[in-house]
Each structure stands twice: as structure tokens, then as C-alpha cells.
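S.K.: Build me a model from this:
(one chain, ligands or ions: 1)
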Amino acid sequence: MASIELKSVFKAYGDNPPVIRDVNLNIPQGEFCVFVGPSGCGKSTLLRMIAGLEEISGGELRIGGALMNDVPPAHRGVAMVFQTYALFPHMSVYENMAFGLGLAKVDKKIIDEKVRAAAKVLQLDALLDRKPKALSGGQRQRVAIGRAIVREPGVFLFDEPLSNLDAALRVQTRFEIAKLHRDFGRASTVYVTHDQVEAMTLADRILLLNSGEAVQRDGSVAQCGSPLELYHRPNNLFVAGFIGSPKMNFLRGKLRSATPDQATIELHSGEVLQAAVDARRLQSGAPVTLGIRPEDTRLGTDEQHIVRPVQWQERLGESTYLYLDGGDAEHSLATGGDALVAKAPGHVHAVSGHRLAMAIPARSAHLFDEHGRALERLIPDTDLLLPEAA
Ligand SMILES: Nc1ncnc2c1ncn2[C@@H]1O[C@H](COP(=O)(O)OP(=O)(O)OP(=O)(O)O)[C@@H](O)[C@H]1O
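M.R.: Residues are numbered from 1 along each chain as shown. Sure, this is the predicted structure:
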């Protein structure tokens with residue numbers, strides 16, 4: 001039941017370059033905010049600073065409006081769930097969940113009510129007498145979540161809570177966390193993950209931190225917005241390459257001409273393509289990168305397209321990823337190399353070396369200037385409302 005406000009927050013360990021630079025963020029009460037970014041970008045550090053487990057080197061942290069920089073963790077009104085559950089092995093599920101309230105000298109009857117209510121929500125009622133070692137990974141993580149819930153914190157902090165679970169349990173627990181947030185909707189939640197599917201599905205808002213190729217900007221905010229904003233309107237090449245799987249394909253070229261609703265691009269490989277992008281701020285001849293997501297491509301020649309030999313394919317049953325030879329001028333971050341990835345529905349089969357036409361619809365194209373900054377796309381922002389069945 002509290003907002004979280006970060007103002008010019010900064011973190012450096014000793015004399016090392018900062019790991020968090022000038023982060024400004026306002027998480028209103030009840031919002032689910034997900035921190036994502038490549039390994040080492042500083043997302044856990046940022047979360048731990050909110051929790052009070054890591055000192056803040058500069059800037060201000062406010063929770064519920066109150067300055068928290070020097071307030072000890074126990075007095076911040078936050079509850080944290082870690083990747084490694086951190087349960088007491090000698091205590092039962094019930095005792096683990098009741099522990100924090102016991103320390104706070106809450107009345108035993110109230111503790112009992114809260115533990116049983118949380119256990120019911122998390123479907124742990126039949127397991128209350130068990131010790132953690134007699135539980136599955138998913139059940140242990142539910143106990144850790146239950147322990148956080150009973151404290152009724154204003155802020156929930158999750159640090160990669162699903163990364164020790166197998167694929168099926170991850171999906172199930174992800175769904176449970178989303179449901180819990182909806183049911184306990186007044187609490188604000190910050191959730192750290194490097195899994196962008198978790199980020200896309202759970203977040204009201206995603207904060208993506210820079211790292212790696214964005215040297216000198218490590219630990220700064222690359223983009224902050226709703227999941228679909230980051231997907232449809234990435235600010236720059238880094239965000240475009242990070243959000244989406246397989247990653248966006250990039251084709252290099254130069255701008256030929258620009259009108260308010262269309263840019264014409266000549267690729268280094270010679271083809272001329274259109275993009276529904278306003279590129280009028282660039283001079284003609286300016287270097288540009290055209291981006292196209294694998295799921296936005298088609299196979300065939302009925303739209304503008306490029307033709308490339310097939311290198312490789314991955315058949316997933318419901319779809320097939322075709323890896324096409326990108327040539328020197330292009331590369332896909334998916335492979336880190338020079339392949340372009342096209343996604344075809346169903347299970348298609350292509351003979352290695354055969355040349356295929358990959359259609360690149362102008363309305364689906366992204367365009368970036370020579371500094372990697374995105375040009376404005378002209379796609380409509382509306383969601384398609386599904387009609388109710390009769
Ligand atoms: N105690 C420390 N002393 C010095 N550097 C540290 C310390 N803790 C973390 N770092 C550095 O801070 C940076 C950010 O680390 P952090 O754990 O926050 O990243 P992350 O984005 O959560 O990464 P991952 O996804 O791999 O967990 C890393 O470069 C890390 O090496």
C-alpha cells in the first residue's frame with residue numbers, strides 16, 4: 001500500500017565505475033513493475049537498494065512518500081522473496097510462515113488466522129506441518145511467498161523467484177504471482193528477472209537497464225514503459241534487440257527518401273524497402289538500420305521481400321524458425337552472427353541452401369538512425385477487442 005519513488009539513484013562499489021546511474025522512477029501504489037536487463041546490468045542491486053540490503057550511494061528513495069535511504073530493512077514495510085527461498089529447514093511450513101509475525105509480537109490467534117488464510121490462497125493448507133525438505137521447489141517458493149504475504153507489506157519485492165523451477169512450474173507459479181497481485185492489488189510490486197516472457201506477462205510497466213554493448217551507460221535506464229510499448233516502440237537498437245524472442249533482425253542500409261508516412265531504404269545488399277516510419281529528421285543518404293521481428297516476417301513474394309539462402313531451421317511444432325544467410329551487412333542479435341530469422345507458422349521444411357523470399361511488411365518495420373535511436377513508427381496503438389461468444 002505504498003508508492004515507491006527513486007530520484008537520481010546512484011550506486012558504486014568503492015572506486016569502481018557505477019553499477020547504477022541516475023535512475024528516476026515513480027512506481028504508484030498497486031503497480032507491478034518489472035526490472036529486466038542482461039546479466040550484470042544492476043537489476044538485483046537496484047532491488048536490494050529498495051529493500052535496504054544495499055546502501056544507496058546517491059539520490060533519494062521514498063516509500064509511501066517517506067525518505068528511506070537510511071531506514072533499516074525491517075522498518076521499510078517491504079517483504080522480499082528470493083530466488084533461493086531462504087526457508088528455515090528445521091521449521092515446518094506453518095512455523096516458517098508465522099516466523100516474522102512472531103518476531104513482531106503479533107497476537108498468536110491473529111498469526112494463526114493470517115497463516116491459514118495465506119496457506120489457503122497458495123494451496124498450502126495440506127502441507128502446513130511439513131518441513132521444507134519434504135516439499136517440491138514450487139511448493140517451497142509458495143511458502144516463501146506466503147511468508148511475505150502474511151506480513152501484509154505495502155511493497156513486495158521479488159528477486160528472480162522462478163529461476164530455480166522447471167519450465168511447467170515456472171508458468172504455473174508466474175500465473176499465481178499475477179493472480180496474487182490482482183487479489184492483493186493495493187501492494188506495489190517490484191520484480192526482477194532476466195526472463196523477458198516473465199517481464200512481458202507480469203508487468204504493468206517494465207524498466208529495462210542498459211548493459212554490455214551500451215558501455216558507459218551500464219546501469220542506466222534504457223527504457224521504461226508498458227510491455228507493449230517496449231515491444232512496439234523500442235527507443236533504440238538495444239531495447240529492440242532485448243525485447244522479443246527470437247530477437248529482432250537488423251538490416252543495414254541508407255535512407256533514400258522520407259515522406260511523413262513512409263521511408264525508403266536502400267540496403268547495403270542492394271534491395272530497396274519501404275518502412276511505415278517518419279524519417280524526415282534524417283538527410284537522404286544517412287546510415288540507417290531497418291529492424292524486423294521474426295514473427296512479423298512472411299515467406300513469399302507477394303509483398304516487398306529479400307531473397308536469401310536457408311542455413312538452418314528449428315521446428316517447434318506450432319511454428320518453424322528459418323535461419324537465412326544475412327550476408328556481411330546484416331546481423332541478427334538472435335545468433336550474434338549474420339543470420340536472419342524468419343518465423344513460419346506450422347512445420348515447414350526447407351532444403352538447406354535453397355533461396356527463400358522473406359517478406360518484410362512496411363507496416364511492421366522499425367528504423368533506427370546511425371546512433372541506434374528509433375524513428376517514429378506510424379502504427380496505430382489500438383488493441384483489438386475480442387467479441388464475446390454468443
Ligand atoms: N559487492 C559488490 N562489489 C562490487 N561489485 C559488485 C558487488 N555486487 C555486485 N557488483 C557488480 O554490480 C553489477 C550489477 O550486479 P547485479 O547483481 O545487480 O546485476 P544483475 O543485473 O542482477 O545480474 P544477474 O542477472 O546476473 O543477477 C555487476 O557488474 C556486479 O559485478
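S.K.: pLDDT below threshold where in the stretch 51-200 of the chain?
M.R.: Scanning the stretch 51-200 of the chain for pLDDT under 70 picks out 185.
S.K.: what does it have sitting close to the ligand?
M.R.: Within the stretch 51-200 of the chain, the positions adjacent to the ligand are His194 by C-beta under 6 Å from any ligand atom. Using the backbone N, CA and C atoms, a C-beta is placed for each residue, glycine as well.
S.K.: Can you name the residue of the stretch 51-200 of the chain nearest to the ligand?
M.R.: Nearest residue of the stretch 51-200 of the chain to the ligand (C-beta to the nearest ligand atom) works out as His194 at 4.7 Å.
S.K.: which residues in the protein form helices?
M.R.: 43-51, 93-103, 108-121, 137-150, 167-183, 196-202, 227-232, 237-242 (DSSP state H).
S.K.: buried sites along the fifth one?
M.R.: Buried positions in helix 167-183, judged by neighbour count with 16 or more other C-beta atoms under 10 Å: 169-170, 173-174, 176-178, 180-181.
S.K.: And for the second one?
M.R.: Judged by neighbour count using 16+ other C-beta under 10 Å, the buried positions of helix 93-103 are 93-101.
S.K.: From the contact count, pick out the helices and strands touching that helix.
M.R.: helix 108-121, helix 137-150 (3 or more C-beta pairs under 8 Å, 6 or more residues apart in numbering; DSSP states H and E).
S.K.: Residues contacting the last one, please?
M.R.: By that I understand helix 137-150. Contact with helix 137-150 is made by 79-82, 85-87, 93, 96-101, 111, 114-115, 118-119, 121-124, 127, 132, 135, 156, 161-162, 164-166, 169, 172-173, 176-177, 180, 184, as judged by C-beta atoms under 8 Å, 6 or more residues apart in numbering.
S.K.: give me that answer again for 7 Å
M.R.: Applying C-beta atoms under 7 Å, 6 or more residues apart in numbering, the contact partners of helix 137-150 are 79, 81, 85-87, 93, 96-97, 100-101, 114-115, 118-119, 122, 124, 127, 132, 135, 156, 161, 164-165, 169, 172-173, 184.
S.K.: One more: the first one?
M.R.: Surrounding helix 108-121, the residues in contact under the criterion C-beta under 7 Å, 6+ apart are 94, 97-98, 101-102, 125, 128, 146, 149-150.
S.K.: residue ranges for the strands of the stretch 201-350 of the chain, please.
M.R.: Assigned by DSSP state E, counting those that start in this stretch, the stretch 201-350 of the chain shows strands spanning 205-209, 221-225, 249-259, 262-267, 272-275, 277-278, 287-292, 298-299, 305-315, 319-325, 330-332, 339-345.
S.K.: Ranked by average pLDDT, which of those falls at the bottom?
M.R.: Here the lowest mean pLDDT among the strands of the stretch 201-350 of the chain goes to strand 330-332, at a mean of 50.
S.K.: Just the buried residues out of the contacts of helix 137-150, in PyMOL syntax.
M.R.: Selection of the buried residues among the contacts of helix 137-150 in PyMOL, burial being defined by 16+ other C-beta under 10 Å:
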select buried, resi 79+81+85+87+93+96+97+100+101+114+115+118+119+122+124+127+132+135+156+161+164+165+169+173+184
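S.K.: Domain ranges for this structure, per the record?
M.R.: 4-241, 247-377 (automatic domain parsing).
S.K.: which residues touch Thr289?
M.R.: 237, 250-252, 368.
S.K.: Those residues: which two are farthest apart?
M.R.: Using C-beta to C-beta, the contacts of Thr289 span at most 12.2 Å, a distance reached by Leu237 and Leu251.
S.K.: what residues does stretch 351-364 touch?
M.R.: With C-beta under 7 Å, 6+ apart, stretch 351-364 has contacts from 262, 273-276, 292, 296-301, 303-311, 322, 324, 340, 342, 350, 379.
S.K.: Quick one: buried ones out of the residues you listed?
M.R.: 273-276, 292, 296-299, 304-306, 308, 310-311, 322, 324, 340, 342, 350.
S.K.: show me which of these neighbour the ligand.
M.R.: Within the buried ones among the contacts of stretch 351-364, nothing lies near the ligand by C-beta under 6 Å from any ligand atom.
S.K.: right, and the helices and strands packed on helix 93-103 - which one's nearest Phe35?
M.R.: helix 137-150 (17.5 Å).
S.K.: tilt between that closest one and helix 167-183?
M.R.: With axes from the mean of the first three to the mean of the last three C-alpha atoms, to 10 degrees defining the directions, helix 137-150 sits at 20 degrees from helix 167-183.
S.K.: Return the distance of helix 137-150 from the chain's centre.
M.R.: 23 Å (C-alpha atoms, centre = their mean, to the nearest Å).
S.K.: Could you quantify the relative orientation of it and helix 93-103 as an angle?
M.R.: Using the same axes, to 10 degrees: helix 137-150 against helix 93-103 is 30 degrees.
S.K.: buried stuff in helix 137-150?
M.R.: Buried, per 16+ other C-beta under 10 Å, within helix 137-150: 138-150.
S.K.: okay, now the nearest residue to Val221 once chain neighbours are set aside: neighbour count?
M.R.: Counting by C-beta to C-beta, 6 or more residues apart in numbering, Val23 is the residue found nearest to Val221 once chain neighbours are left out, at 5.9 Å. Using other C-beta atoms under 10 Å, the number of residues around Val23 comes to 22.
S.K.: Val23 against Thr45, yeah?
M.R.: No - with contact defined as C-beta atoms under 7 Å, Val23 does not reach Thr45; the gap is 10.3 Å.
S.K.: Phe88: what's it in contact with?
M.R.: Here Phe88 is in contact with 96, 99 (criterion: C-beta under 7 Å, 6+ apart).
S.K.: swap the cut-off to 6 Å and go again
M.R.: Under the criterion of C-beta atoms under 6 Å, 6 or more residues apart in numbering, the contact list for Phe88 reads Asn96.
S.K.: same deal with Met248?
M.R.: Neighbours of Met248 in contact, by C-beta under 6 Å, 6+ apart: 240-241, 291, 293.
S.K.: quick one: which two of those are the most distant?
M.R.: Gly241 and Arg293 (10.5 Å).
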